[in-house]
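Asks: 3D model of this:
(2 chains)
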Number of protein chains: 2
Amino acid sequence: MTIEWVFLDVGGILFSDASYFTSLYEAIAAAEPSVERAAYDARFDALRAAQSEPFTEALVTAFVADASLHARVRADADERWELRGYSEAELYPEVPAVVRALAARYAVACITNHFSWVRDRARDAGFADLIRVWAISDELGVSKPDPAIFSAALREAGAAPDRVVMVGDRLDRDVAPAKALGMRTVWVLRNEAPDEPTPEQLVVPDATVRSLDELPEIVDRF
Amino acid sequence: MTIEWVFLDVGGILFSDASYFTSLYEAIAAAEPSVERAAYDARFDALRAAQSEPFTEALVTAFVADASLHARVRADADERWELRGYSEAELYPEVPAVVRALAARYAVACITNHFSWVRDRARDAGFADLIRVWAISDELGVSKPDPAIFSAALREAGAAPDRVVMVGDRLDRDVAPAKALGMRTVWVLRNEAPDEPTPEQLVVPDATVRSLDELPEIVDRF
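Replies: Numbers count the residues shown, from 1 in each chain, chains lettered A, B, ... in the order given. The predicted structure follows:
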């Protein structure tokens, strides 16, 4: 067995980010009341298909013309999100059992563009004790796809990249940079991932799944 | 003449970041009173030599053991910095004349991991009117070395990467990602850059300078 660690993204992997994208829509609509949810959702789907831009920046830029308001809109979305997310319905149903199965055989870390409060939501959901390392962008001051957040997680884990599987829903921010550092990668097709990826996208990760059910078995095979 | 745009980093290029690193030291010392300035400065110099880590993260991690305090220490440093920076002494003396010379022949943009208030400091220093595009990480929600901030700047400028020169003091966050996108690059050896770069480092940028004096002539030659 060469794999020792499984690095899990949080949004799209453990919890749906639905509450974040609703919060972001509300923050945008507070700044630009004419923006309709349908237009926002259509842009969101285009971003899912492309897998090449940070969603928040792209959505705020698309709908709020005045760049000097962008930081405030983002902060407003983050505040709304902290109040709202994650609801019980946002926890993907297979997560507690799968994290338990992984933690029985591997060390498990979370590596996420997120805030400290995500730890509390993992505690509420009952699996926080199974996460050995948390690499959280707001605490570290660096975000995926910056290799520095992956390096910080590896350092904290005391792990070599070839002993790690990275599991995420973004091709550009999770899969591609982890692969560049020498990790194995699993792409999860939900949340920010497209429903129907292109053949070019599908060759990037080592494995692709639609839920985490098969994940322990896939990691065992690496 | 193939070059149309000059993208300038701000810290290290237009202003010294001395006031930031003093603010960060004070924020660290507020959290960990035993940390001495000499130890902090020594770590800072090691980071300058390596050019491979985000300085703030690395310094906070080195001196503040409790990771759950890191975001607060960073925010404290940012607040202190906004009150203090940039002093008149931090404006590099050749900057006003060089920006004027560049703006006479090229379009000039600033692309910086920074806050909106940097625009006010450029105005105080008298060259804000010469900057056609501002790409500021706190407004865009993405930071160098993420290619997304370079793409946002290119989009806003309406420029192709091969028509752009990127000027920065960081090999890993300014020079390398700009080069990867097809820009020409100038590395400025001050602020976060090392005094004595290695031969391996020196082959990465297209040109290396110690002040901006030669910059207009270098850009003309590209």
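Asks: ok, now how distant is residue A:99 from residue A:105?
Replies: 12 Å (Cβ to Cβ, to the nearest Å). C-betas here are computed from N, CA, C, even on glycine.
Asks: of those two, which one has the most company?
Replies: Neighbour totals were compared for residue A:99 and residue A:105, and residue A:99 leads with 26 against 14 (other Cβ atoms under 10 Å in any protein chain shown).
Asks: identify the residues contacting the more buried one.
Replies: Contacts of residue A:99 were listed using Cβ atoms under 8 Å, 6 or more residues apart in numbering or on different chains, and they are A:8, A:14, A:108, A:127, A:130, A:131.
Asks: which residues touch the residue in chain A sticking out farthest from the centre?
Replies: Among the C-alpha atoms of chain A, the one farthest from their average position, using Cα atoms, centre = their mean, is that of residue A:34, at 29.4 Å. Contact analysis of residue A:34 by Cβ under 8 Å, 6+ apart lists nothing.
Asks: so how many other residues sit close to residue A:69?
Replies: Neighbourhood size, residue A:69 [other Cβ under 10 Å]: 16.
Asks: next: residue A:71.
Replies: 18.
Asks: surely it touches residue B:138?
Replies: Yes - in this structure, residue A:71 sits in contact with residue B:138. The criterion is Cβ atoms under 8 Å, and the distance is 5.1 Å.
Asks: can you list residues touching both of the two?
Replies: Taking Cβ under 8 Å, 6+ apart as the contact definition, residue A:71 and residue B:138 share the neighbouring residues B:115, B:116.
Asks: one step back: who touches both of residue A:99 and residue A:105?
Replies: With contacts defined as Cβ under 8 Å, 6+ apart, no residue is shared by residue A:99 and residue A:105.
Asks: show me where chain A has its helices.
Replies: A:18-31, A:37-50, A:55-63, A:70-84, A:95-105, A:117-124, A:137-140, A:147-157, A:176-180, A:199-202, A:215-221 (DSSP state H).
Asks: tell me the contacts of residue A:169?
Replies: Contact criterion Cβ under 8 Å, 6+ apart gives A:9, A:11, A:12, A:13, A:187, A:188, A:189, A:190, A:191, A:192, A:193 as the residues in contact with residue A:169.
Asks: quick revisit: from the contacts of residue A:99, which is closest to residue B:197?
Replies: When the contacts of residue A:99 are compared for distance to residue B:197, the smallest value, 38.2 Å, is given by residue A:8; criterion: Cβ to Cβ.
Asks: list the residues that contact the closest one.
Replies: Applying Cβ under 8 Å, 6+ apart, one finds that residue A:8 lies in contact with A:14, A:99, A:108, A:109, A:110, A:111, A:167, A:168.
Asks: if I look at the residue farthest from the centre of chain A, how far off is residue A:28?
Replies: When Cβ to Cβ is applied, the distance between residue A:34 and residue A:28 equals 10 Å.
Asks: cool, and residue A:175?
Replies: Following Cβ to Cβ, the distance that separates residue A:175 from residue A:28 is 28 Å.
Asks: compare these two and say which is more crowded by neighbours.
Replies: Between residue A:175 and residue A:28, counted using other Cβ under 10 Å, residue A:175 has the larger neighbour count: 28 against 23.
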